[in-house]
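J.: quick check, what structure comes out for this input:
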Amino acid sequence: MSTPFFTPAPETAAASRIADFARYVGVDGTDYAALHRWSVAHLESFWGAVWEYFGIDSDTPYEQVLAEDSMPGTRWFPGATLNYTHHALRNLRDDDTAILALDETGAGYEVTGARLRALVASMAATLRDLGVGKGDRVVGYLPNTPHAIVAFLAAASLGAVWSVCGQDYAPKAAADRFAQLEPTVLIAADGYLFNGTTHDRRDAVLELAGELPTLKATVLVDHMGLPWPSQAYPSLVVPWEDASTRTEEFACVPVPFDHPLWVVFSSGTTGLPKGIVHGHGGVLLEHLKTLGLHSDLGPDDRLLWYTTTHWMMWNLVASTLLTGATTCTYDGSPAPFAKLDRLWELAARHRVTVFGTSPQYLLGMAKFGIAPSAHDLSSIRVVGCTGSALPASAYPWVREHVGDHVLLASISGGTDIVSGFAGSAPNTPVWAGELSAPHLGVALAAYDAEGFPVIDQVGELVVTRPMPSMPLYFWNDPEGTRYRDAYFSFYPGVWRHGDWITVTGHGSVIVHGRSDSTLNRNGVRLGSADIHDVVERLPEITEALVIGAEESDGGYWMPLFVVPAAGVELNDALRDRIRDAIRTGASPRHVPDEILVVPGIPHTRTGKKLEVPIKRLLQGAAVEQVVNPDTVDSPELIDHYAWLGEERRKGRSAS
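T.: Prediction:
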């Protein structure tokens, strides 16, 4: 067994909430592995204990914890009625800070517990007056500010279903998501801040509203202070100031445990993005476990995790309130040109205890010689990191520049469960380059192609027993066909997530990257279809293919391959035109690292682009390992992509 990079101090581990929970259920609080084994072997007892330990308030009691243990189709806590918003606000102290709003300029303001309740009560009353009721959809086109959390909590308090998208998404990309939901109300901001630039989104809001014919009203948020022009909106317009300043009594509508809470969207690798629906109760329990036990959050903590509103980490950040801790919103670039270490400065100034980021951010800090230790980071006890695998080389840098007392918690999860499959806890050791262990209640394994669990070998990440936050269903999938195909078609009755992992002999988990074609840039999943749609509409381009490849040094390479139209040369001017089209038509995050000309794009015989095989070829896999030439419409193209991968590994340009 290898030596851990970090071992928590015994007194720290013993004083943690997860150790207290272990003692509560009769397990040694210092033995995480024993607690995890118990949580998986006794799934009903474990989740029942989570319910009791965190004191879940239900208007009607549950009949049993688990009514159906098969996947898909699991039924949790039947009979129970509750509301997520009630639990998000019940532990907040009136005069303490519930939300700390920050931006890249260093400015900020506080929203107290009492103020947050008043804002949510007012917004809920406004939504109710606009015709929003149980099951109706409310959508947000918003940056990461308190407005998004207030709107979400207000919608959820009524039993309405919430969905949100960042404003760096073009109106069409946002409409591809929201129009599926047939929303009743849109809540949108005038713009957002990024890298010293105010991005005016007023016209984009008008365009998006026009793409949503079911809207009864649009609530306009004056975030950047840009005056809203008197244009003809397709529905009633309500200023945020009017919607949020009413004096109203706070109340929540009790809903069944599995009543829809929000819809988060897949990346849309093919076709429209899939709407993934999660329930009030499942999210409540899963996030209390993840934040309250694994992150050890409580009323005296502050969490600052860089995220956008369309990444599932925003949902988890909003759930910080469930623990009574302060959550920090942040509007802007994680490393603005004016001050690359802004997030560290803010963490020090506001005494943040849990700091969350991505591997690319930490690697970038090291690359550019940023020294976070210039600030007093003594309050930070956890640095959380997710979005992709964190290479072992980053661990010593964090120890040197943040502190040797800090738990560096690399986490792997997904939008699909809005939580983590594996990570760390205050009572787990940490091995550099590895996730300490599967999370509590997660029956995680690595399966080989025949469906057998393997140790110390690369396999597919699977979960063999249900989790409460697995999707209720996909939106507009009444028969559940797409849902079953997405997770259960490869290993029947077992959740296959789409990651390559190794479960080590000492119980940790190593993540090797996606086994499907989803793009995963800086922790935000992106859809290749969004990019293909924009690029292939340019008259100069016949066809395009984008892939995202995890690299051995922890980097992430996202090239775009294009086939120019006859007589067209891929020069710098055309490359700029392509980048501008992607930035405008999708988002800045969708802009590729390189644009390379290729002789053609290979497809299956049924016309599907070979995204996964091409990715694996570029990562170094042999042709015979990834594709059968007999199944490809242009098998001669495969060798070209294999050559491209070889040239890149040699360090030569393939353009």
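J.: which helix in the protein has the most residues?
T.: For the chain, the longest helix by residue count, based on DSSP state H, is helix 113-129.
J.: could you give the average pLDDT over it?
T.: When pLDDT is averaged over helix 113-129, the result is 98.
J.: by contact count, what packs against it?
T.: Helices and strands touching helix 113-129, by 3 or more Cβ pairs under 8 Å, 6 or more residues apart in numbering; DSSP states H and E, are helix 84-90, strand 97-103, helix 146-157, helix 240-244. Placement of C-beta: from N, CA and C, glycine included.
J.: show the subsequent helix or strand relative to the helix or strand bottoming out on mean pLDDT in the chain.
T.: One helix or strand of the chain scores below all others by mean pLDDT, DSSP states H and E: strand 524-526, with a mean of 70. Per DSSP states H and E, the first helix or strand lying C-terminal to strand 524-526 is helix 528-535.
J.: who are the packing partners of that following helix?
T.: Helices and strands touching helix 528-535, by 3+ Cβ pairs under 8 Å, 6+ apart, are strand 541-546, strand 559-564, helix 572-585.
J.: can you report how many residues neighbour Tyr473?
T.: Counted with other Cβ atoms under 10 Å, residues neighbouring Tyr473 total 19.
J.: thought it was touching Val277?
T.: Yes. At 5.4 Å, Tyr473 counts as touching Val277 under the criterion of Cβ atoms under 8 Å.
J.: for the top strand by length along the chain, which strands pair with it and how are they oriented?
T.: Counting residues, the longest strand in the chain under DSSP state E turns out to be strand 495-503. Applying DSSP bridges, strand 495-503 is found paired with strand 458-463 (antiparallel), strand 509-514 (antiparallel).
J.: now those strands as TSV including mean neighbour count and distance to Tyr53?
T.: Formatted as TSV, the strands paired with strand 495-503 follow (neighbours: other Cβ atoms under 10 Å; distance: least, Cβ to Cβ, whole Å):
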stretch	mean neighbour count	distance to Tyr53
strand 458-463	21	23
strand 509-514	21	25
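J.: now render those strands as JSON lines, adding distance to Thr357 and mean pLDDT.
T.: JSON lines is the format used below for the strands paired with strand 495-503 (distance: least, Cβ to Cβ, whole Å; pLDDT from 0 to 100):
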{"stretch": "strand 458-463", "distance to Thr357": "22", "mean pLDDT": "92"}
{"stretch": "strand 509-514", "distance to Thr357": "17", "mean pLDDT": "83"}
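J.: export those to TSV and tack on distance to Gly113?
T.: Shown next, in TSV, are these (distance: least, Cβ to Cβ, whole Å):
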stretch	distance to Gly113
strand 458-463	36
strand 509-514	37
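J.: Pro539: which of those strands is closest?
T.: Between Pro539 and those, the tightest spacing by Cβ to Cβ is seen for strand 509-514, at 32.4 Å.
J.: low-confidence ranges, this protein, go.
T.: The chain contains residues with pLDDT under 70 at 1, 267-271, 523, 525, 605-606, 630-631, 652-655.
J.: what residues are up against Leu545?
T.: With contacts defined as Cβ atoms under 8 Å, 6 or more residues apart in numbering, Leu545 is in contact with 528, 532, 560-561, 598, 601, 609, 611, 614.
J.: okay, now Thr197: neighbour count?
T.: The number of residues packed near Thr197 is 12, by other Cβ under 10 Å.
J.: phi first, then psi, for it.
T.: phi -120, psi 130 (degrees, to the nearest 10).
J.: same check on Ala232?
T.: Per degrees, to the nearest 10, the backbone of Ala232 is at phi -80, psi 90.
J.: distance of it relative to Leu206?
T.: Note on Ala232: its distance to Leu206, by Cβ to Cβ, to the nearest Å, is 9 Å.
J.: what about the two, which has more around it?
T.: The residue with more neighbours, out of Ala232 and Leu206, is Leu206; 18 against 7, by other Cβ under 10 Å.
J.: dump the C-alpha coordinates for the strand or helix carrying that one into PDB.
T.: Using DSSP H and E, Leu206 sits within helix 202-210. Written as PDB, here are the backbone C-alpha positions of helix 202-210 (Å, rounded to 0.1, in the frame of the first residue of the first chain):
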ATOM      1  CA  ARG A 202     -30.600  43.000 -22.800                       C
ATOM      2  CA  ASP A 203     -31.100  42.200 -26.500                       C
ATOM      3  CA  ALA A 204     -30.300  38.500 -25.800                       C
ATOM      4  CA  VAL A 205     -33.000  38.500 -23.100                       C
ATOM      5  CA  LEU A 206     -35.600  39.900 -25.500                       C
ATOM      6  CA  GLU A 207     -34.600  37.300 -28.100                       C
ATOM      7  CA  LEU A 208     -34.800  34.500 -25.600                       C
ATOM      8  CA  ALA A 209     -38.200  35.600 -24.400                       C
ATOM      9  CA  GLY A 210     -39.400  35.600 -28.000                       C
END
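J.: next SSE after it?
T.: Downstream of helix 202-210 (by DSSP H and E), the next one is strand 217-221.
J.: now stretch 638-645: buried residues?
T.: 638, 640-642, 644-645 (16 or more other Cβ atoms under 10 Å).
J.: quick one: end-to-end distance for stretch 617-633.
T.: From its first residue to its last, stretch 617-633 covers 17 Å (Cα to Cα, to the nearest Å).
J.: got the contact list for that stretch?
T.: Stretch 617-633 is contacted by residues 547, 549-551, 557, 559, 602-605, 607, 610, 612-613, 616, 635, 638-639, 641-642, 644-645, 648-649 when judged by Cβ under 8 Å, 6+ apart.
J.: kindly recompute the last result at 6 Å.
T.: 549, 602-605, 613, 616, 635, 638, 641-642, 645 (Cβ atoms under 6 Å, 6 or more residues apart in numbering).
J.: which ones among those map onto strands?
T.: Short answer: the contacts of stretch 617-633 in strands (DSSP E) are Ala549.
J.: now the helices and strands packed on helix 528-535 in TSV, with distance to Asp485?
T.: Shown next, in TSV, are the helices and strands packed on helix 528-535 (distance: least, Cβ to Cβ, whole Å):
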stretch	distance to Asp485
strand 541-546	23
strand 559-564	27
helix 572-585	29
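J.: returning to what we had before: can you give me the angle the longest helix of the chain makes with strand 217-221?
T.: 150 degrees (axes from the mean of the first three to the mean of the last three Cα atoms, to 10 degrees).
J.: when you give positions from now on, start the count at 276
T.: Taking 276 as the first residue, the last one we looked at is helix 388-404.
J.: by contact count, what packs against the next helix-or-strand element following helix 388-404?
T.: Per DSSP H and E, the first helix or strand lying C-terminal to helix 388-404 is strand 412-416. Judged by 3 or more Cβ pairs under 6 Å, 6 or more residues apart in numbering; DSSP states H and E, strand 412-416 is in contact with helix 421-432, strand 436-440, strand 460-464.
J.: buried sites along the longest one?
T.: The neighbour-count check on helix 421-432 (16+ other Cβ under 10 Å) flags 421-432 as buried.
J.: now what about that helix, what contacts it?
T.: For helix 421-432, the surrounding residues in contact (Cβ under 6 Å, 6+ apart) are 359-360, 363, 374, 376, 386, 394-395, 398-399, 402, 413, 415, 417, 437, 439, 462, 496, 527, 536, 584, 593, 604.
J.: give me the distance from it to the chain's centre.
T.: Offset of helix 421-432 from its chain centre (Cα atoms, centre = their mean, to the nearest Å): 18 Å.
J.: pull the CA atoms of it into PDB?
T.: Output in PDB follows, covering the C-alpha atoms of helix 421-432 (Å, rounded to 0.1, in the frame of the first residue of the first chain):
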ATOM      1  CA  PRO A 421     -28.000  36.100  -5.100                       C
ATOM      2  CA  HIS A 422     -30.800  36.700  -7.600                       C
ATOM      3  CA  ALA A 423     -30.500  33.200  -8.900                       C
ATOM      4  CA  ILE A 424     -30.700  31.600  -5.500                       C
ATOM      5  CA  VAL A 425     -33.600  33.800  -4.400                       C
ATOM      6  CA  ALA A 426     -35.600  32.900  -7.600                       C
ATOM      7  CA  PHE A 427     -34.800  29.200  -7.300                       C
ATOM      8  CA  LEU A 428     -35.900  29.100  -3.600                       C
ATOM      9  CA  ALA A 429     -39.100  31.000  -4.400                       C
ATOM     10  CA  ALA A 430     -40.000  28.700  -7.200                       C
ATOM     11  CA  ALA A 431     -39.300  25.600  -5.200                       C
ATOM     12  CA  SER A 432     -41.300  26.900  -2.200                       C
END
